[in-house]
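Novice: Sequence and predicted structure are below.
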Amino acid sequence: MTTTEKRPVWLPGLAVAALAAVIAWALSTLIPAVPLLTAAVVLGILVAQVPAAKPLVRGTLAPGLALSARRLMRIGVVLLGLKLSLFDVASLGWGVFLSTVAIVLITFGGTWLLGRAFRLPGHEPLLIATGFAICGASAIGAMSGVVRAKTSEQAQPVALVTLCGTLAIAVLPALWHPLGLDNLQFGHWVGASVHDVGQVVATAQVAGGGALAVALVVKLTRVVMLAPIVAVAGVVERRRFRANPESSRPPLVPLFVVGFIAAILARTFLDIPDVVLATADTVQTALLAMALFGLGAAVDVKKLVTTGWRTLVVGLLSWALIAALALAAIHLFS
């Protein structure tokens, strides 16, 4: 057996994903306005469109990129729980907390209905709803693990949520003063309507530290909703199994969701050393960057442009819906 034969088939793709994560980190460091995870997705999309790279992405690199997009994504979601303390969520007050939950649920349901109305295929309506309502591409990856969506089904939702989240970095600050929002209200609006945590940071920081703090707490409150929504999807998936017993039986609550909840409880009730939290944050960011590069590499831009107009319309309408709901909540509880 040769050295090449002994090498795991996933190793080349995993190595390229790791290299892409390093490049995304460098770009984010050089250009702070570009969130690291957004850079990772965009890199994946760009690489997949290079003619010379396409055979590698679809061939030799495919097993490792798929491993990154699925398993590393799940580990990253678990570690994401260490960012969340239920005490921080409670500090918002019942009014803001309940309005944030309502925004997530209405956006999720409304986007899913839009996706069905526009006849989006397969799991796309569910994945877009999850990404726009909760926490972007990482939420899409988490939901995909529960409903066992194909990587190809994740590609357009990931591209779309990345596009809208990136646009938010420029659009929301431009509307800040015309809408008559003060700094803290702006931070609340950003946290309640922007998708990825990194995009929230990039958008809210223009209004100062206070706005950024509010934005992060509101955003992480939305992230908490990932567990119950994914759990409900797991229950629905099990009902489908009973209707079609020939398929493999899904778990009631996926293991990574249990880990996510356990991480939240650990952060809330245990005195975890700062060095452990900092290390977990670094590892989590690296894993999600590799995972999102893998998801980005599955995007076919030509297909998205020529046949994905319905997906684009659903995404833009969902973005407008969550932004409007968040703005209404701010005025209601100000």
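Specialist: Sure, I can see it.
Novice: Report the next helix or strand after the lowest-mean-pLDDT helix or strand in the chain in sequence order.
Specialist: Using mean pLDDT, DSSP states H and E, the weakest-scoring helix or strand in the chain turns out to be helix 3-6, at a mean of 52. Beyond helix 3-6 on the C-terminal side, the first helix or strand identified by DSSP states H and E is helix 11-30.
Novice: and that next one, how far out from the chain's middle?
Specialist: Centre-to-centre, helix 11-30 and its host chain are 18 Å apart (Cα atoms, centre = their mean, to the nearest Å).
Novice: Show residues contacting the helix or strand following it.
Specialist: Next helix or strand after helix 11-30 toward the C-terminus (DSSP H and E): helix 36-49. Here helix 36-49 makes contact (Cβ atoms under 8 Å, 6 or more residues apart in numbering) with 20-21, 23-25, 27-28, 53-54, 57, 136-138, 158-159, 162, 165-166, 196-199, 285, 288-290, 292-302. Just so you know, the C-beta spots here come from the backbone N, C-alpha and C atoms, and that holds for glycine as well.
Novice: Now find how far off-centre helix 36-49 is within its chain.
Specialist: 14 Å.
Novice: wait, doesn't Gly110 sit right on Leu321?
Specialist: Yes - the pair Gly110 and Leu321 qualifies as a contact (Cβ atoms under 8 Å) at a distance of 5.5 Å.
Novice: Now Ala52: phi and psi?
Specialist: phi -70, psi -30 (degrees, to the nearest 10).
Novice: Pull the number of nearby residues for it.
Specialist: By other Cβ atoms under 10 Å, the residues close to Ala52 number 6.
Novice: Now stretch 261-272: average pLDDT?
Specialist: For stretch 261-272, the mean pLDDT works out to 92.
Novice: That should have said stretch 128-138, apologies.
Specialist: Averaged across stretch 128-138, pLDDT comes to 90.
Novice: buried residues in stretch 10-23?
Specialist: Neighbour-count burial for stretch 10-23 flags Trp10, Pro12, Gly13, Leu14, Val16, Ala17, Ala18, Ala20, Ala21 (criterion: 16 or more other Cβ atoms under 10 Å).
Novice: so which of these comes closest to Ala326?
Specialist: Ala21 (30.7 Å; Cβ to Cβ).
Novice: tell me the pLDDT at the nearest residue to the closest one once chain neighbours are set aside?
Specialist: Closest residue to Ala21 apart from its sequence neighbours, by Cβ to Cβ, 6 or more residues apart in numbering: Ala289 at 3.8 Å. With respect to pLDDT, Ala289 has a value of 91.
Novice: Equivalent analysis for Leu80, please.
Specialist: 87.
Novice: Repeat that for Val275.
Specialist: 95.
Novice: Many thanks, have a good one.
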